[in-house]
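Novice: From the sequence below, what's the structure:
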Amino acid sequence: MKTPPPLSVVLAGGGTAGHISPLLAIANAVKEARPDAALLAVGTPGGMETRLVPAAGLDLATVDRVPFPRKPSKALLQLPGKLAGAVRQAGVILDDARADVLVGVGGYVCTPLYLAAWRRKIPIVVHEANTRPGLANRVGARLSRHVAVAFAATRLRGARHVGMPMRREISGLDRAGARAAARSALGLEQDKPTLIVTGGSSGAQSINRAIAAAADALGAAGIQTLHITGRDKAVHDARGRLLEAPGYRQVEYIDGMELAYAAADLLLARAGAATVCEVAAVGLPAVFVPLPIGNGEQALNAAGLVDAGAALLVDDAAFDAAWITGTILPLLGDPARLDRMAHAAEQFGIRDADRRMAALVLEAAGADAGTGTGATDPTTDPTTQDKQ
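Specialist: Coordinates of the predicted model:
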């Protein structure tokens, strides 16, 4: 069998964990399919990628961040020059890497990389994580025949529904089998209904306030709550001490959300794209409180699970202690309903999105994944849907 030539893959994205996590998952799946592949990530100098990408063992290059002003301003007048400079930087990176294919997952860094790759006729692969596409990926989708989306409802020209690439520790999670060990690791009791609360790595102050106000009622109902408050977002009582209540425990963060997913009977969280997709993949009932700012994308992300009966959704303005005691308490006291929600979530879950994306990358590059990699060919997978 002829050995395929070495493959150079450049992956662009960053700014938030919502972009970086799928980028790293795709990179790992490409490396699994083609161990000889040379991988390079590209981000901006001030993004979270400067910490997370090297920590994952992946080389990182950067280009200048070029925001796109939404209103007439001095920054808008400066945009053409700044964008041209970033495109030149991107071109140097692609040339130095001798890139065979560019993978973009969104964020400011992607637009100059897409334009530089298009000028060089380097194949472009786009993955859009949100139901409402970002500007960079709308540009990328016009320059590529290899476009993938995490949500079936996302509208991008020619897009294939592949799901959200995620860490194997999550996509391969057996919640029931891992529950006992996860609860022990998190300091939780084994036999109590368990609510896990998270506002993401940065925390969510409105969620934190509501949970603090309802902590006593949750404990009195026999529910244990693990409250992941976010870094530097510890919750205090009226005297300024760390909040304490029966069955209530708070931590600023945990290493590995798979532990939280396994331990939980119910998850309360924002509706970021990664969280929504991970909940579906592991079959976990959820209550979503979408971020009240932005373009409304978080409510759209959650809509499929909510419509299927796998999750509940409440507006941030309506989420308070009364809503918790009136809705979450009865839900946690109804195991049959939680089981139905878990089953509904599983119907939406896609656990092999990283492999599907790796197959799409190799297809775009004209490469052969070889045999025995477990990669799914998105052109033949019956669960893949083309979107116009």
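
Novice: Return the alpha-carbon coordinates of stretch 327-334 using PDB.
Specialist: Extracted C-alpha coordinates of stretch 327-334, given in PDB (Å, rounded to 0.1, in the frame of the first residue of the first chain):
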ATOM      1  CA  THR A 327     -40.200  24.400  38.900                       C
ATOM      2  CA  ILE A 328     -36.800  22.800  39.700                       C
ATOM      3  CA  LEU A 329     -37.900  21.300  43.100                       C
ATOM      4  CA  PRO A 330     -40.900  19.300  41.600                       C
ATOM      5  CA  LEU A 331     -38.700  18.200  38.600                       C
ATOM      6  CA  LEU A 332     -36.000  16.800  40.800                       C
ATOM      7  CA  GLY A 333     -38.700  15.000  42.800                       C
ATOM      8  CA  ASP A 334     -40.000  13.300  39.600                       C
END
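
Novice: I'd like the average pLDDT over that stretch.
Specialist: The average pLDDT within stretch 327-334 is 97.

Novice: what's the answer for stretch 278-296, then?
Specialist: Rounded mean pLDDT across stretch 278-296 is 92.

Novice: Could you pull out the strands in this structure for me?
Specialist: For the chain, the strands defined by DSSP state E cover 8-12, 38-43, 60-62, 101-104, 124-128, 146-149, 159-161, 194-198, 224-228, 248-251, 266-269, 286-288, 311-313, 386-387.

Novice: Kindly compare burial across those and name the winner.
Specialist: Sort the strands of the chain by mean neighbour count, taking mean count of other C-beta atoms under 10 Å, and strand 101-104 sits at the top with a mean of 31. Heads up, the C-betas are built off the backbone N, CA and C, glycines and all.

Novice: Give me the neighbour count for the closest residue in space to residue 120 that isn't next to it in sequence.
Specialist: By the measure of C-beta to C-beta, 6 or more residues apart in numbering, the closest residue to residue 120 outside its immediate chain neighbours is residue 94, 6.3 Å from it. Residue 94 has 23 neighbours, counted by other C-beta atoms under 10 Å.

Novice: need the contact list for residue 94.
Specialist: 10, 102, 113, 116-117, 120, 122 (C-beta atoms under 8 Å, 6 or more residues apart in numbering).

Novice: Let me see the contact set for residue 59.
Specialist: 39-41.

Novice: Which one of these is nearest to residue 151?
Specialist: Nearest to residue 151 among the contacts of residue 59: residue 41, at 23.9 Å, using C-beta to C-beta.

Novice: What residues does the closest one make contact with?
Specialist: 10-14, 23, 27, 49, 53, 58-61.

Novice: for it, which residues make a bridge with it?
Specialist: residue 11, residue 60 (DSSP bridges).

Novice: any idea how far residue 350 is from it?
Specialist: The gap separating residue 41 from residue 350 is 23 Å, by C-beta to C-beta, to the nearest Å.

Novice: ditto for residue 64
Specialist: Counting by C-beta to C-beta, the gap from residue 64 to residue 350 is 35 Å.

Novice: Looking at these two, which is more packed in?
Specialist: Between residue 64 and residue 350, counted using other C-beta under 10 Å, residue 350 has the larger neighbour count: 20 against 17.

Novice: Now for the closest residue in space to that one that isn't next to it in sequence, how many residues are close by?
Specialist: The shortest distance from residue 350 to any non-neighbouring residue, by C-beta to C-beta, 6+ apart, is to residue 163 (2.9 Å). Using other C-beta under 10 Å, residue 163 has 27 neighbouring residues.

Novice: Please report how far residue 163 lies from residue 129.
Specialist: 10 Å.

Novice: Please apply the same query to residue 225.
Specialist: 29 Å.

Novice: so where is the stretch 201-350 of the chain shaky, pLDDT-wise?
Specialist: Scanning the stretch 201-350 of the chain for pLDDT under 70 picks out 201.

Novice: Mind jotting down where the helices sit in it?
Specialist: 205-220, 257-263, 273-282, 297-307, 321-323, 329-332, 335-348 (DSSP state H, counting those that start in this stretch).

Novice: what sits up against the first one?
Specialist: The one in question is helix 205-220. So helix 205-220 is contacted by 195, 197, 199, 225, 227, 229-230, 233, 235, 237, 243, 245-248, 268, 270, 289, 292, 316, 319-321, 323-325, 328-329 (C-beta under 8 Å, 6+ apart).

Novice: In that helix, which of the residues would be classed as buried?
Specialist: 206-208, 210-212, 214-215, 217-219 (16 or more other C-beta atoms under 10 Å).

Novice: List just the nearest of those to residue 178.
Specialist: residue 218 (23.6 Å).

Novice: For the closest one, give its distance to residue 325.
Specialist: Counting by C-beta to C-beta - residue 218 and residue 325 are separated by 8 Å.

Novice: Residue 53: what's it in contact with?
Specialist: So residue 53 contacts 14, 20, 23-24, 41, 43, 60 (C-beta under 8 Å, 6+ apart).

Novice: Format the residues you listed as TSV; extra columns: pLDDT and distance to residue 252.
Specialist: Listed next are the contacts of residue 53 as TSV, based on pLDDT from 0 to 100; distance: C-beta to C-beta, whole Å:
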residue	pLDDT	distance to residue 252
14	85	23
20	93	20
23	97	25
24	97	23
41	98	27
43	94	25
60	97	26
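
Novice: ok now do residue 256, which residues does it touch?
Specialist: Residue 256 touches residue 169, counting by C-beta under 8 Å, 6+ apart.

Novice: Pick out the residue closest to the middle of the protein.
Specialist: The chain has residue 274 as the residue nearest its centroid, 2.4 Å off, counting by C-alpha atoms, centre = their mean.

Novice: Now that one. Nearest residue, chain neighbours left out?
Specialist: residue 18 (5.4 Å).
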